[in-house]
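**Student:** Sequence first, predicted coordinates after that:
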Amino acid sequence: MTTYDDRASLTDLTATAERVRSSVEGVIEGKPEVVRLSLTVLLAEGHLLIEDVPGVGKTMLAKTLAKSIDCSVRRIQFTPDLLPSDITGVSIWDQQRRDFEFKPGAIFAQIVIGDEINRASPKTQSALLESMEERQVTIDGQTYELPSPFMVVATQNPVEMEGTYPLPEAQRDRFMARVSIGYPSPEAELQMLDVHGGVSPLDDLQPVAHAHDIVKLVEAVRNVHVADSVRRYAVDLVGATRTHPDLRLGASPRATLHLLRAAKASAALSGREYALPDDVQALAVAVLSHRLLPTAQAQLNRRTSEQVVEEIIQRTPVPTAAQQQSGFGMGRSAADFGQPPRRLG
């Protein structure tokens, strides 16, 4: 198991993440939990799906997060006539060279903003599948690597809205987490009128971190320790979705991996070198619910996938403190990391 030689990397992570968080919250008022989840997904090497009704700041959140980091950013406006080659790129015949020349598409950036992704056809949406999972693009048999870090931040309107296509299951499964911004509080909306009423706050927003900083933070998150009992807890939560009577499609093994990675990033953002069941519980709804398909009867009963995940969390046994301590290994106890793990509830 990889361990920290000192706390420098974790200290750097929390300091840099705090700068990015403050920068984003300066534009997105009154939504600290949404901003934290966005940072968690970024440091966990995942992709974020922002779903909500029009006008609540979905695109603004994606653009603010991208502009807070000094890296390459491309925006794709998904429309019904968008083609897969507009996203991935295309090979064009060069008359002078008498050979094909590859013209990269909008996916070749470190942060890709996909606005209203479910307004494009499923064929166009599928152009993102390889890049989101394997961080590469294959055109005419030639594979092109994508830059690092690489993150897709996509927005979509609810499927009840006119002119939308539901995302395919394979597409949804590649998003680490889904978040809904929701309407702001009256106080936050008043503050928004002051901040956004004159000029766009993005005009004066300056990057507070560089791409190579994010790469280092991702490496630090990979080194966060996860006890065997916490891993088992994540597996139990995901496994329960596959047998629940209200679900006709449960979460995939990829969901388990995403849940564990997100828990490690959340622990690091909290200044800890080890993950707790608290981290898994706090992220389970955001990481799992968008991958699940309720049965027809559950839909008639107005049972949402979020409610099912909440029920599974309540029913799944949580590792005890003794089980968590026994998982640290290498002669290290929970006390070596500060506050001993505790049983939730």
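**Tutor:** On my side now, so go ahead.
**Student:** Tell me where the stretch 101-250 of the chain has strands.
**Tutor:** 111-115, 136-139, 142-145, 151-156, 177-179, 209-210, 247-249 (DSSP state E, counting those that start in this stretch).
**Student:** mind checking which of these is nearest Arg19?
**Tutor:** Nearest to Arg19, of all those, is strand 209-210, at 6.3 Å by C-beta to C-beta. Every C-beta, even on glycine, is put in place using the N, C-alpha and C of the backbone.
**Student:** Which residues does stretch 81-93 contact?
**Tutor:** For stretch 81-93, the surrounding residues in contact (C-beta atoms under 8 Å, 6 or more residues apart in numbering) are 76, 99-108, 120-121, 123-124, 126-128, 131, 137, 139-140, 144.
**Student:** could you redo the last one with a cut-off of 10 Å?
**Tutor:** Outside stretch 81-93, the residues that touch it by C-beta atoms under 10 Å, 6 or more residues apart in numbering are 74, 76-79, 99-108, 112, 114, 117, 119-121, 123-128, 130-131, 137-140, 142, 144.
**Student:** Need the buried ones from those selected in ChimeraX.
**Tutor:** Of these, the buried ones go into a single ChimeraX selection, burial set by 16 or more other C-beta atoms under 10 Å:
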select :74,76,78,105,106,107,108,112,114,117,119,120,121,124,125,127,128,130,131,137,139
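**Student:** For the stretch 151-300 of the chain, give me the ranges with low pLDDT.
**Tutor:** Low-confidence segments of the stretch 151-300 of the chain (pLDDT under 70): 159-163, 195-198.
**Student:** circling back: redo the strands of the stretch 101-250 of the chain as TSV? Include distance to Arg261.
**Tutor:** Shown next, in TSV, are the strands of the stretch 101-250 of the chain (distance: least, C-beta to C-beta, whole Å):
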stretch	distance to Arg261
strand 111-115	18
strand 136-139	19
strand 142-145	21
strand 151-156	13
strand 177-179	10
strand 209-210	20
strand 247-249	22
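**Student:** Indicate which one of these is closest to Lys264.
**Tutor:** Per C-beta to C-beta, nearest to Lys264 of those: strand 177-179, 13.7 Å.
**Student:** mind checking how far the closest one is from the chain centre?
**Tutor:** On the basis of C-alpha atoms, centre = their mean, to the nearest Å, strand 177-179 is displaced by 6 Å from the centre of the chain it belongs to.
**Student:** Other residues contacting it?
**Tutor:** So strand 177-179 is contacted by 31, 33-38, 40-41, 44, 46-52, 58, 61, 154, 156, 172, 258-259, 262, 283, 285-291, 305-306 (C-beta under 10 Å, 6+ apart).
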